[in-house]
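J.: Prediction below, plus the sequence it came from.
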Amino acid sequence: FKPLMCLTLMFCVVPATNVPPHSTIRPGSPVPVNTNNPGVRKAARFGVYRYNNSSNDLFLFKESQIKKAMVQIVRGLKYMLHVEIKRTVCEKRDHSSLDSCHFQRNKNLQRTLRCYFEVWITPWTHKVHIPVAQCH
């Protein structure tokens, strides 16, 4: 039995020797990852920041549910996420921390969007690149 290898405590991979001989998983292929994984949650938040920075909405949005997550190891970690985001009660001009923002309770102001984010994190350079942030 080989131990798991962890990259910056965000994502752990099973060494190749534990992959069955006829496995379809190839190095560098996207693999499903638990939506509660801390790295996934962090990547989803980066996607939300990107959305909030580019939207004209008066209020900040926050992730309400991560529906599906994949990760690919390519010069860092590339997360591919399907995330549901909802409007919060926090106004953009207040620059609130999203952690302290509650979801909108006023029926007329509630709004939910479905988003696809690609978030590329290179931990050793402390860089985050978000090439795709599509919400509808």
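T.: Perfect, I can see it now.

J.: residues touching W120, list them.
T.: Residues in contact with W120 (CB atoms under 8 Å, 6 or more residues apart in numbering) are V74, G76, L77, K78, Y79, V128, H129, I130, P131. To be clear about C-beta, it is placed using only N, CA and C from the backbone, and glycine gets the same treatment.

J.: so V48 sits right up against K86, yeah?
T.: No - applying CB atoms under 8 Å as the test, V48 and K86 come out as separate, 10.2 Å apart.

J.: Compare neighbour counts for these two and give me the winner.
T.: V48 (21 against 16; other CB atoms under 10 Å).

J.: Doesn't that one belong to a strand?
T.: No - counting by DSSP: H, G, I helix; E, B strand; the rest coil, V48 is not part of a strand but helix.

J.: I'd like to check which residues are in contact with it.
T.: F61, K62, E63, V83, I85, L98.

J.: does the fifth one have beta-bridge partners, and which?
T.: What that stands for is I85. With DSSP bridges as the criterion, I85 is bridged to E63, L113.

J.: how many other residues sit next to it?
T.: 24.

J.: Quick check: the gap between it and S29.
T.: I85 is 27 Å from S29, where distance means CB to CB, to the nearest Å.

J.: what does the fourth one give?
T.: Here the distance between V83 and S29 works out to 22 Å (CB to CB).

J.: Comparing the two, which residue is more hemmed in?
T.: V83 (26 against 11).
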